[in-house]
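**Student:** show me how the following folds:
(chains A and B)
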Amino acid sequence: QQPVQSPQAVILREGEDAVINCSSSKALYSVHWYRQKHGEAPVFLMILLKGGEQKGHEKISASFNEKKQQSSLYLTASQLSYSGTYFCGTESGSDKIIFGKGTRLHILP
Amino acid sequence: GAVVSQHPSRVICKSGTSVKIECRSLDFQATTMFWYRQFPKKSLMLMATSNEGSKATYEQGVEKDKFLINHASLTLSTLTVTSAHPEDSSFYICSARDPGSRTDTQYFGPGTRLTVL
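**Tutor:** Numbers count the residues shown, from 1 in each chain, chains lettered A, B, ... in the order given. Below is the predicted model:
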């Protein structure tokens, strides 16, 4: 039931782009994206509801393909502050969110 | 956005003692809160769903008698780790859904780092 995230880790230079993918074997009601920095709790980025929507948050945007049960998080012109571990969480109608294993993103100056 | 607080932020205790962790929603009422556990460099593992006024729903493999959850009010849920052992050392994070938000967003507390000696 745990969604699968890829890649496991990414190293970028400041200003480069990245894509983080999240896929599930179950039909999804929503997908939630969070970013966690070392030693801190996860911070909410965005939620995507079924309907195949796409959302944006500053230079971070995401898409949700309901039919493919997949979501992707897009980071454009990455900044040093984007470093951290990104988790996708999926909800299949049971009101609880199950998180993937995370994607570690490291931005080099 | 909505705020969820946890107390304490860090606790160190001796093996065999019990530890209570509080989770509060500060500016909204949460009928449902969630408790997660996270080991270093690992994902967030859902332990249980805390329901106001009723019993918590535990995930498979989580011991109900070891991790006692009480959701006494619409703004407070507590997790008590009973007879703690070193293997219970972990980062415990609660979250609460804001029913007033248009998208029913789930917000996390700052977490509680438990170390059992």
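**Student:** least confident secondary structure element in the chain?
**Tutor:** Using chain A. strand A:54-57 (a mean of 66; mean pLDDT, DSSP states H and E).
**Student:** not quite, go with chain B.
**Tutor:** By the measure given (mean pLDDT, DSSP H and E), strand B:106-108 is the least confident helix or strand of chain B, showing a mean of 87.
**Student:** is any residue of it near chain A?
**Tutor:** Yes. Figure legend: strand B:106-108 in contact with chain A (CB under 8 Å from any CB of the partner chain); contacting residues B:106-108. Every residue, glycine included, has its C-beta placed from N, CA and C.
**Student:** quick one: contacts of that strand?
**Tutor:** Surrounding strand B:106-108, the residues in contact under the criterion CB atoms under 8 Å, 6 or more residues apart in numbering or on different chains are A:32, A:34, A:41-44, A:89, A:97, B:1-4, B:34, B:93-98.
**Student:** apply 10 Å and report the result again.
**Tutor:** Surrounding strand B:106-108, the residues in contact under the criterion CB atoms under 10 Å, 6 or more residues apart in numbering or on different chains are A:30, A:32, A:34, A:36, A:40-44, A:47, A:89, A:91, A:95-97, B:1-4, B:6, B:23, B:25-26, B:28, B:30, B:32-34, B:36, B:44, B:93-98, B:101.
**Student:** can you check stretch B:63-71 too?
**Tutor:** With CB under 10 Å, 6+ apart as the contact definition, stretch B:63-71 has outside contacts at B:18, B:20-21, B:23, B:30-33, B:35, B:37, B:47-58, B:62, B:76-85, B:88, B:92, B:94.
**Student:** quick one: residues contacting the residue nearest to A:R13 when sequence neighbours are not counted.
**Tutor:** Counting by CB to CB, 6 or more residues apart in numbering or on different chains, A:R13 lies nearest to A:L108, which is 5.1 Å off, once chain neighbours are set aside. A:L108 sits next to A:11-14, A:16, A:78, A:80, A:83 when contact means CB under 10 Å, 6+ apart.
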